[in-house]
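Student: Please work out how this folds:
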Amino acid sequence: MIRISRQQSIPEHYESIPLRSPVRALGWSAAVLAIVAGLIVAAVGEGLVAELLGPVIVTLGGVVLAAVWKCGRYELTVGTARIELGTGPFRDTLATGAVESMRRRSATAWRKLFADEEVVLGLTIGRKPEYAVPTRDPDALEAALPPPDGS
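Tutor: A predicted model of the protein is given here:
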């Protein structure tokens, strides 16, 4: 969700990329299955192992359910002064002026869950020299960022 305050300008570019449908469906199914299985093990199982294992399985299903719910959308906002990006509780802010290079590539690692492509931002400052950003519209993202040479 875009929030604009008096200190912020209207974004140059905004993307809200949902998890791919198969990933979302698999996550929801696995979570519900784990919760139901845990309840069955706790209710029907006998002995100490069943009493301990049931709540653990239910908790695991709840964690997966919360992860799919909270991290189900990757948001990217490019403003004139900063870039805000992330999913769920995993958010970051970068200074727009810190971007010194950009290159496109096929999505890697967890970013494949959201998009086919990513733009790798080379940064002049910060804790990481490169920052990979999943995007479904790399042309619009590159157009919204200032040219790397600052002109």
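Student: Quick one: residues contacting the most centrally placed residue in the chain.
Tutor: Nearest residue to the geometric centre of the chain (C-alpha atoms, centre = their mean): residue 87, 3.3 Å. Listed by C-beta atoms under 8 Å, 6 or more residues apart in numbering, the contact partners of residue 87 are 70-75, 114. In this view, the C-beta of every residue, glycine as well, is placed from N, C-alpha and C.
Student: Show the buried residues in those.
Tutor: The neighbour count (16 or more other C-beta atoms under 10 Å) marks 71-72, 74-75, 114 as buried among the contacts of residue 87.
Student: Just the ones of the residues you listed in strands?
Tutor: Mapping the buried ones among the contacts of residue 87 onto strands (DSSP state E) picks out 74-75.
Student: Pipe the buried ones among the contacts of residue 87 into a markdown table and attach pLDDT per row.
Tutor: A markdown table is the format used below for the buried ones among the contacts of residue 87 (pLDDT from 0 to 100):
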| residue | pLDDT |
| --- | --- |
| 71 | 92 |
| 72 | 92 |
| 74 | 94 |
| 75 | 94 |
| 114 | 94 |
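Student: so can I have TSV of the buried ones among the contacts of residue 87 showing distance to residue 99?
Tutor: Shown next, in TSV, are the buried ones among the contacts of residue 87 (distance: C-beta to C-beta, whole Å):
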residue	distance to residue 99
71	25
72	27
74	18
75	18
114	20
